[in-house]
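K.L.:
Let's see this in three dimensions:
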Amino acid sequence: MNLHIPPALKHRRFFYLWLGQLISIAGTQMQIWALFWHIRTLTNQPIALGGIGLARILPVIVFSLIGGAVADSYNRRNVMFVTQTGAALVAMMLGLLTYLGKIDLWHIYALTALQAVAVAFDGPARQAIIPNLVPARDLPNAFSLNSIAFQAGAVIGPALTGVVIIFGGQQAVYYFNAISFLAVIVALVLIGDVPQKRVAAHANGVSMTAIREGIQFIVTHPIILSSMMLDFVATFFASANTLMPIVARDILKVGVVEYGWLSAAQSAGAVLAAVVISQVHELRKQGPLFLGSVVVFGVATVFFGLSRSFVVAWILLAITGAADAVSTIIRNTIRQLQTPDHIRGRMTSVNQIFFQGGPQLGEIEAGAVAQLFGAPFAIITGGIGCVLGMGLIVAKWPQLISYNGDEPGLAGATAD
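P.N.:
Presented below is the predicted three-dimensional model:
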């Protein structure tokens, strides 16, 4: 297969945003995995690691629906200016408290929650702006590239976490993340104005009526609702990222550098899968591919829980990452193409509760199960639960099986 420049990157404004996200995500992912390690150095209780999931999901549940209405009522680019700046300030505060030796668990939880508030408003605006930057025909390609940016950042960030901690201290990771947000801010400046269809702020804009409209839209579109439910169920059961410091230190017996490499494994597999998909002009039989990727994700998680070799564990995590990338690209494409522009932010905000809620609540569940029965048991049963949950979702919404990807869409998109 001859490599070619993905068509979405030929659209200048999308390219700027994509590159900015790649840099920023590397910093964000570095911070996420550094936080897990930081908590493990403060306490050896697995439940404390699960607490970070609670700190990250509660603000998303509370503010996401409002964030979706804001993304549909106000300029999405301006919303991102505010959220990116706020997240940068929180990261800087984490670094300063750590440097001064004043940081405790409650500081980490509180600042993580504040950053999650920014995410609750940033996510809908960032996802909904993409179809305003590329035409509909290039949207699947744009989401595969977004997956590449996210996963590449999630390889670079964690892989550097251990090295940065060793040479710069824990606080250096947080400083790096704060600076990395500038990449998106600069990209937003270069993009310029982005036209969008939006409801008037003085009409239904940010209101309960607008929020209910977004929820009602999803409930009446089974293909969108079922993809969200499957996302939630799979990640709830098979999410065990917060247990990675325990796996690295107590099961595989490796140090902070190897922990960083292990943390990057899923994203390494995801980058490979996303690159392959970005070279495919038309992705068909999306339903079966979506469901198959979830099965692979769950089964690989089970074997990861059984593994006692660093190399084998790394490979299995890479497989879960590749499977999750395929799932992510397909479900994002389904949702964005089946949603009209004026309601896209609200759809994304509801989806954000599902795709953030699944892994974050799953981290709480994994921490609690690991506290009672050990980390391997929590990981293995999570992988089994993922596959069983998928079976129940398909039984409820069998149309997922026959979804091809060329069904008529509702969304309009523009490009420069």
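K.L.:
So what's the residue count around the residue nearest to residue 228 when sequence neighbours are not counted?
P.N.:
Counting by Cβ to Cβ, 6 or more residues apart in numbering, the nearest residue to residue 228 once its immediate chain neighbours are dropped is residue 354, at 4.3 Å. C-beta: built from backbone N, CA, C; applies to glycine. In terms of burial, residue 354 registers 21 neighbours under the definition other Cβ atoms under 10 Å.
K.L.:
check contacts around residue 354.
P.N.:
228, 229, 231, 232 (Cβ atoms under 8 Å, 6 or more residues apart in numbering).
K.L.:
I'd assumed residue 355 was in contact with the last one.
P.N.:
Yes: A contact is recorded between residue 232 and residue 355 when judged using Cβ atoms under 8 Å, the distance being 7.3 Å.
K.L.:
among the contacts of residue 354, which ones are buried?
P.N.:
Buried members of the contacts of residue 354, counted by 16 or more other Cβ atoms under 10 Å: 228, 229, 231, 232.
K.L.:
Please list all residues in contact with the first one.
P.N.:
Listed by Cβ under 8 Å, 6+ apart, the contact partners of residue 228 are 218, 331, 335, 350, 351, 354, 355.
K.L.:
is it possible to export the residues you listed to JSON lines including secondary structure and pLDDT?
P.N.:
As requested, the contacts of residue 228 are exported to JSON lines (DSSP: H, G, I helix; E, B strand; the rest coil; pLDDT from 0 to 100):
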{"residue": "218", "secondary structure": "helix", "pLDDT": "81"}
{"residue": "331", "secondary structure": "helix", "pLDDT": "79"}
{"residue": "335", "secondary structure": "helix", "pLDDT": "76"}
{"residue": "350", "secondary structure": "helix", "pLDDT": "77"}
{"residue": "351", "secondary structure": "helix", "pLDDT": "75"}
{"residue": "354", "secondary structure": "helix", "pLDDT": "75"}
{"residue": "355", "secondary structure": "helix", "pLDDT": "70"}
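K.L.:
out of these, which is most surrounded?
P.N.:
Neighbours here are counted as other Cβ under 10 Å. On that basis the top member of those is residue 351, with 28 neighbours.
K.L.:
Helix or strand: which one has the nearest residue to that residue once chain neighbours are set aside?
P.N.:
Taking Cβ to Cβ, 6+ apart as the measure, residue 351 lies nearest to residue 228, with 5.5 Å between them; neighbours along the chain are not counted. The secondary structure element spanning residue 228 is helix 222-238 (assigned by DSSP states H and E).
K.L.:
Pull the distance from that helix to the chain's centre.
P.N.:
Between the mean C-alpha point of helix 222-238 and the mean C-alpha point of its chain there is a distance of 14 Å (Cα atoms, centre = their mean, to the nearest Å).
K.L.:
Pull out the buried residues from that helix.
P.N.:
223-238.
K.L.:
List just the nearest of those residues to residue 343.
P.N.:
Within the set of those, residue 224 lies nearest residue 343; the separation is 11.2 Å, counting by Cβ to Cβ.
K.L.:
Verify the stated contact: that closest one with residue 339.
P.N.:
Yes: judged on Cβ under 8 Å, residue 224 makes contact with residue 339 at a distance of 7.2 Å.
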